[in-house]
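> any chance you could fold what I've pasted below:
(one chain, ligands or ions: 1)
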Amino acid sequence: MTTPIIDFLHSYEKNISLRLHMPGHKGKFWIHPLAECHLMDITEVKGADSLYEAEGIIAESERNAAEVFSVKHTFYSAGGSTLGIQTMLSAVVGENGKIVAARNAHRAFVNTCALIDADVIWVTGENADVISSSVTPSDIEKALSEEKDVSAVYITSPDYYGRIADIKGISEVCKKYNVPLIVDNAHGSHLAFLDENQHPITLGADICCDSAHKTLPVLTGGAYIHTNSDEYASLIKEKQSLYGSSSPSYLILASLDCCNWTLSESGKKLMQMQSENMRKLKSRLSPAWSFIGDDVLHLTVEAYKAGLSGNDLAERLRENGIECEYSDEYYTTFLFSLMDDEEDYNALAEAMEKIIQPKILIRKDETPFILPEKAMSIRKATFSESEKVAVDDAEGRICAHNITHCPPCIPIVVAGEVIDKNSVNILKRYSISEINVVK
Ligand SMILES: Cc1ncc(COP(=O)(O)O)c(C=O)c1O
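I've put the predicted structure just below:
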């Protein structure tokens with residue numbers, strides 16, 4: 001597979017000795033840990049193409065990515081899936097639309113709804129949880145049969161714990177109601193490289209974004225938008241330029257370019273290795289530890305069942321030089337990628353085997369998440385005058401801003417909703433002590 005962006009950067013480095021253009025480091029360095037990066041970090045000079053008007057090396061590299069992912073169109077983002085979500089919603093929904101969405105959405109979704117003034121019909125599914133929800137095709141069917149003029153269905157899968165929704169089933173329901181399906185696949189770029197391709201576009205989604213930087217060897221900020229629809233494809237660049245920087249990082253674009261080569265050479269083989277290593281890790285640790293989630297690269301440990309909080313487990317491992325992706329009161333999530341090898345899996349297993357599990361019963365607060373009442377639109381609340389109050393004093397007030405911890409960046413109360421007793425309890429469970437409310 002060709003790597004047109006990398007090739008251009010190499011020839012540029014060789015042929016141009018005086019850079020009288022941005023970026024200000026000029027490819028030079030004194031004593032600098034990022035020395036090599038400076039050489040390849042350029043701007044839209046002649047021949048370098050331009051992300052939002054791509055017709056040269058970037059367009060060629062994006063076509064390579066589409067081939068690797070077995071989709072019709074792929075577009076790069078140097079602003080992560082956040083820019084992907086802004087772009088997808090603007091292209092598919094536009095202004096004043098109505099979106100049926102699974103509640104465990106990232107704040108980028110809610111913030112974009114404020115920008116495009118979308119109305120959201122939230123679906124929580126059974127055993128609703130803020131971070132992870134098990135929304136099924138029948139939940140979506142119920143919402144679509146009750147609501148008129150729905151512009152799109154929006155699903156986040158895999159979620160932060162690695163739970164995967166039935167995208168195939170949901171896409172069949174969406175087709176029945178003739179409503180486009182948008183998937184936030186930020187955590188699932190690798191799904192295209194499983195023995196049986198489980199990528200959302202292959203399973204029937206109309207458009208999705210993947211944070212390549214989460215599970216593939218790509219620099220932070222590198223992401224894709226994929227679609228098989230020519231209609232949506234024709235809108236992507238224009239909508240991306242509404243939100244994205246006019247100086248997207250060539251280092252990020254180069255790492256996406258390089259990743260095409262890695263994936264085309266050995267994507268499937270690397271994924272098979274991860275699946276096998278994860279299977280061995282789980283069987284080595286069970287039954288002392290239990291897990292939730294379906295995704296191959298996410299390992300979410302139910303730490304509380306072993307008498308530890310998720311945060312305590314994370315801390316014990318940190319003391320052994322192992323840093324997790326996410327932890328909370330009950331769970332600890334480890335995120336693997338195509339770059340991990342057997343030794344990495346073994347190192348986690350060894351460290352976890354050494355942890356003495358206290359024989360304490362930690363009861364999980366099973367209070368179900370109840371959708372708060374909606375008092376005003378997300379847009380109106382987001383742009384209203386607001387004030388910060390203690391969560392204990394917030395009951396009855398209207399949320400103005402989606403206060404969340406990052407990760408996982410999932411709003412507990414969404415702008416425009418009334419903060420009720422249930423929300424206060426959940427906010428406190430996630431150690432959120434203050435919240436912005438409409439004045
Ligand atoms: C589910 C989900 N969607 C979207 C995003 C935003 O992705 P990015 O950080 O690539 O902008 C994240 C980030 O963690 C996420 O977890």
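
> so how far is M273 from S266?
Distance of S266 to M273, given as C-beta to C-beta, to the nearest Å: 9 Å. (Glycine included, C-beta is placed from N, CA and C.)

> scratch that, K280 is what I was asking about
11 Å.

> who touches stretch 53-71?
1-5, 7-8, 47-51, 72-76, 192, 197, 199, 201-202, 224, 226-228, 237, 253, 256-257, 260, 263-264, 267 (C-beta atoms under 8 Å, 6 or more residues apart in numbering).

> domains in this structure, by residue range?
Structural domains annotated on the chain: 4-263, 267-354, 378-438, as defined by automatic domain parsing.

> got the end-to-end distance for the longest one?
As for domain 4-263, its first-to-last residue distance stands at 15 Å under the measure C-alpha to C-alpha, to the nearest Å.

> contacting residues for the closest residue to N185 other than its chain neighbours?
In space, and not counting its chain neighbours, N185 is closest to C208: 4.4 Å by C-beta to C-beta, 6 or more residues apart in numbering. By C-beta under 8 Å, 6+ apart, the residues touching C208 are 88, 182-185, 199-201, 225-227.

> again, 6 Å this time
183, 185, 200-201, 226 (C-beta atoms under 6 Å, 6 or more residues apart in numbering).

> among those, which one lies nearest to Y160?
N185 (13.1 Å; C-beta to C-beta).

> was I right about that closest one contacting P200?
Yes: using C-beta atoms under 6 Å, N185 makes contact with P200 at a distance of 4.9 Å.

> any residue of whatever helix or strand T332 lives in up close to the ligand?
Assigned by DSSP states H and E, T332 falls within strand 331-335. No: no part of strand 331-335 sits near the ligand under the criterion C-beta under 6 Å from any ligand atom; the closest distance found is 10.3 Å.

> check the spacing between the residue in the stretch 1-150 of the chain positioned nearest to the ligand and A114 real quick.
Across the stretch 1-150 of the chain, the shortest distance to the ligand (C-beta to the nearest ligand atom) belongs to G80, at 2.4 Å. Separation of G80 from A114 (C-beta to C-beta) stands at 18 Å.

> ok, which stretches of the stretch 201-350 of the chain are helices?
212-215, 230-243, 250-285, 310-319, 342-354 (DSSP state H, counting those that start in this stretch).

> and of the ones you listed, who's closest to S151?
Taking the helices of the stretch 201-350 of the chain one by one with C-beta to C-beta, helix 230-243 is closest: 12.9 Å.

> by contact count, what packs against the closest one?
For helix 230-243, the packing partners by 3 or more C-beta pairs under 6 Å, 6 or more residues apart in numbering; DSSP states H and E come out as helix 80-92.

> now the angle from the very next helix or strand once past the helix it packs on to helix 80-92?
On the C-terminal side of helix 80-92, the closest following helix or strand by DSSP H and E is strand 98-102. Counting by axes from the mean of the first three to the mean of the last three C-alpha atoms, to 10 degrees, strand 98-102 lies at 150 degrees to helix 80-92.

> what's the spacing between the helix or strand following strand 98-102 and its chain's center?
Using DSSP H and E, the next helix or strand after strand 98-102 towards the C-terminus is helix 107-116. Remark: helix 107-116 is offset 14 Å from the chain centroid, using C-alpha atoms, centre = their mean, to the nearest Å.

> how about stretch 20-37 as PDB, C-alpha atoms only?
Extracted in PDB, the C-alpha atoms of stretch 20-37 (Å, rounded to 0.1, in the frame of the first residue of the first chain):
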ATOM      1  CA  LEU A  20       9.900  30.500   4.900                       C
ATOM      2  CA  HIS A  21       6.500  29.400   6.100                       C
ATOM      3  CA  MET A  22       4.600  28.100   9.200                       C
ATOM      4  CA  PRO A  23       5.000  26.400  11.600                       C
ATOM      5  CA  GLY A  24       7.300  28.600  13.600                       C
ATOM      6  CA  HIS A  25       9.700  25.900  14.700                       C
ATOM      7  CA  LYS A  26      10.900  25.800  11.000                       C
ATOM      8  CA  GLY A  27      11.800  22.200  11.300                       C
ATOM      9  CA  LYS A  28      14.700  23.200  13.600                       C
ATOM     10  CA  PHE A  29      15.500  22.100  17.100                       C
ATOM     11  CA  TRP A  30      18.100  22.800  19.700                       C
ATOM     12  CA  ILE A  31      17.900  20.300  22.600                       C
ATOM     13  CA  HIS A  32      14.400  19.000  22.100                       C
ATOM     14  CA  PRO A  33      12.700  15.700  22.700                       C
ATOM     15  CA  LEU A  34      10.400  16.400  19.800                       C
ATOM     16  CA  ALA A  35      13.300  17.000  17.400                       C
ATOM     17  CA  GLU A  36      12.400  14.500  14.700                       C
ATOM     18  CA  CYS A  37       8.700  15.600  14.800                       C
END
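
> chain center to it: distance?
Relative to its parent chain, stretch 20-37 has a centroid offset of 31 Å by C-alpha atoms, centre = their mean.

> other residues contacting that stretch?
19, 38-39, 41, 43, 251.

> likewise for stretch 407-423?
By C-beta under 6 Å, 6+ apart, stretch 407-423 touches 104, 106-107, 110, 130-131, 160, 326, 370, 372-378, 381-382, 394-395, 397-400, 402, 404, 426-427.

> residue numbers of the protein in contact with the ligand?
80-82, 106, 108, 156, 160, 184, 186-187, 211, 223, 407, 409.
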